[in-house]
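Visitor: Curious how this folds, go ahead:
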Amino acid sequence: AVALFIFYTAFDLYTLPHAALGAELSRDPHERTRLFAVRQMSFTVGMLLAFGAIQVAMNADDQRSATASLAIPAALVAVLVLAIPPLVLREPVVEGERGGRGLLPALRDVVSTRPARLLLYVFFIESVGVGAVGTMAPYIAQYLLERPDVVGLLPACYVIAAVVSIPIWVRLSKSFGKRDTWLASMVLAAGAFGGMWFIGTGDVTLAMVLLGVAGCAMGCGGVLSASSLADVIDLDERRTGERKEGVYSAAMTLVLKVGTSLA
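Guide: Numbers count the residues shown, from 1 in each chain. Model (predicted):
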């Protein structure tokens, strides 16, 4: 319990400025989409490696020793990778006040901005779906498919499909707009998740196909939600004269946490 508390605290301490800095690096809407696409692809590849490590540990004769042997090099690599942005990147110089007048006034600005409320509401719905994938994959493998040996393979199909689809969603968003592209992806995800109702014992191929389709669809939301949030931050700046990447990124992260926790 202590280890998990420390880990997720550290994770948020890193994630918030990381997301905020991403929103600051460009003012071009499509360039932002490409920027957050690369960020999401990197994050998703990390998830894929994690699922692979879980499968290796579960298939080992001595699971505790296998987990320990994986954890130590993973921790060292994580330290090296996470050190890159703080050491290399610098915040761009902007006009106006950065961060707002204070925490409570900044939060009031977030709540009072209608596009921000709508964006956070939609992202909450999608976060519940994303959280359900990690929660339900072991259940599907163990009790529906009766194949616990594929507990790592199922999320891997989801994650690989998400990575492959991200460049496609970036191009579609440039042609059709972020809103309509994201809406189409959510309809596709709903259809794929709904198809899980028809999974029975041994239907591994069907489960992999459905999770692949869902992964393709959900690869869109992680990119376009962050890119749209940066556009909303611009709207807030025109209204208040302040840049609030930090508090908007915090609101988005809070919604993600609540959604996945409920799932």
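Visitor: Taking the centroid of the protein, which residue is nearest it?
Guide: G222 (4.9 Å; CA atoms, centre = their mean).
Visitor: for the protein, which spans come out with low pLDDT?
Guide: Low-confidence segments of the chain, defined by pLDDT under 70: 94-97.
Visitor: What are the boundaries of the helices in the stretch 1-150 of the chain?
Guide: For the stretch 1-150 of the chain, the helices defined by DSSP state H, counting those that start in this stretch occupy 2-24, 29-59, 63-82, 84-88, 103-112, 114-139.
Visitor: quick one: which of those helices is nearest A250?
Guide: Ranking the helices of the stretch 1-150 of the chain by proximity to A250 (CB to CB) places helix 2-24 first, at 5.5 Å. (C-beta placed from N, C-alpha, C; glycine too.)
Visitor: Can you list the buried residues in that closest one?
Guide: Residues of helix 2-24 classed as buried: 15-17, 19-24 (neighbour count, 16 or more other CB atoms under 10 Å).
Visitor: Tell me which residues are up against it.
Guide: 32, 35-36, 39, 82, 85, 89, 91-92, 94, 226, 229-230, 233, 243, 245-246, 248-250, 252-253 (CB atoms under 8 Å, 6 or more residues apart in numbering).
Visitor: How far away from the center of its chain is that helix?
Guide: 13 Å (CA atoms, centre = their mean, to the nearest Å).
Visitor: so it versus helix 63-82, what angle?
Guide: Orientation of helix 2-24 against helix 63-82 (axes from the mean of the first three to the mean of the last three CA atoms, to 10 degrees) gives an angle of 30 degrees.
Visitor: Could I have the PyMOL command that selects the buried members from the contacts of helix 2-24?
Guide: Restricted to buried positions by 16+ other CB under 10 Å, the PyMOL selection for the contacts of helix 2-24 reads:
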select buried, resi 32+35+36+39+226+229+230+233+243+245+246+248+249+250+252+253
